[in-house]
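J.: any chance you can model this:
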Amino acid sequence: MADDIVQVHLSGPQIRALAQPLRLRLLGQLRRTGPATATSLAAALGTNTGATSYHLRQLAEVGLVLEEERPGSGRQRWWRAAHDMSSFRRSYYEGDPEATAAVEWLETQQVNLFVAQAQSWRQAIPQETEAWRETAEISDYLLHLGSDQTRAMLREIEDVVDRYRRLGVDGPGPDARSVHLWVAGLPRVEGSEGNGEDGA
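T.: Predicted structure coming up:
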């Protein structure tokens, strides 16, 4: 049920632990596909079992993954994500330079992931169904808002996203699939070059 969706606001130790490429991928894989062993995760992510086991233990130490008991699994250890989603804001880590550096690293990874996924989608478009070709889009808008107004707008967007997340759990559409939604509210830095001057 959607009411069972569990969110964590990342603590300093958690965000520091997550700011490592393989750990970030491991947590994402567990959230997308469910419980798995280090061996199956290593195969899925193209790494080795030793590294996977080590980084799973690091994630477990800060409470981001949990070991799951499985009767009859023998010596195999099963792992699952402790939360369905996580969030962070820079203000959580004032006075913690290592956590702040981890925030910067994670934000850079988010931007890079968006670029990679957007390029993958563009390459896949010819093989996609007409419904998905007509549905997927990237838009940008140029607004003139104060910081309080921007914050309020982003919170409203979060509420809409949460409503559809719950809908996807309780009653997904017949052609449901993972949809990666990106939301960014960034003040334009004067002197920077960019498109979308007039919005879209």
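J.: contacts and neighbour counts: CA atoms only from here.
T.: Will do.
J.: residue 15 - how many residues pack around it?
T.: 24 (other C-alpha atoms under 10 Å).
J.: how about residues contacting the strand or helix carrying it?
T.: Element membership for residue 15, per DSSP states H and E: helix 12-18. Helix 12-18 has contacts (C-alpha atoms under 8 Å, 6 or more residues apart in numbering) with 23-24, 58-59, 62-64, 92-93, 96, 98-99, 102-103.
J.: pull out the buried residues from the helix ranked longest in the chain.
T.: Criterion DSSP state H: the longest helix present in the chain is helix 97-124. Within helix 97-124, the residues that qualify as buried are 99, 100, 101, 102, 103, 105, 106, counting by 16 or more other C-alpha atoms under 10 Å.
J.: which residue ranges of this structure form helices?
T.: Secondary structure of the chain by DSSP H: the helices cover 12-18, 21-33, 38-45, 49-61, 97-124, 130-135, 147-170.
J.: and those helices, which is most packed in?
T.: Comparing the helices of the chain on average neighbours per residue, with mean count of other C-alpha atoms under 10 Å, the densest one is helix 12-18 at a mean of 20.
J.: quick one: it to chain centroid distance?
T.: 15 Å (C-alpha atoms, centre = their mean, to the nearest Å).
J.: can I get the helices of the chain in JSON lines including distance to residue 185?
T.: Shown next, in JSON lines, are the helices of the chain (distance: least, C-alpha to C-alpha, whole Å):
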{"stretch": "helix 12-18", "distance to residue 185": "22"}
{"stretch": "helix 21-33", "distance to residue 185": "23"}
{"stretch": "helix 38-45", "distance to residue 185": "31"}
{"stretch": "helix 49-61", "distance to residue 185": "30"}
{"stretch": "helix 97-124", "distance to residue 185": "13"}
{"stretch": "helix 130-135", "distance to residue 185": "22"}
{"stretch": "helix 147-170", "distance to residue 185": "7"}
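J.: in CSV: those, plus mean pLDDT and distance to residue 183.
T.: Supplementary listing: those in CSV, determined by pLDDT from 0 to 100; distance: least, C-alpha to C-alpha, whole Å:
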stretch, mean pLDDT, distance to residue 183
helix 12-18, 96, 20
helix 21-33, 95, 18
helix 38-45, 96, 26
helix 49-61, 96, 26
helix 97-124, 94, 11
helix 130-135, 93, 17
helix 147-170, 92, 8
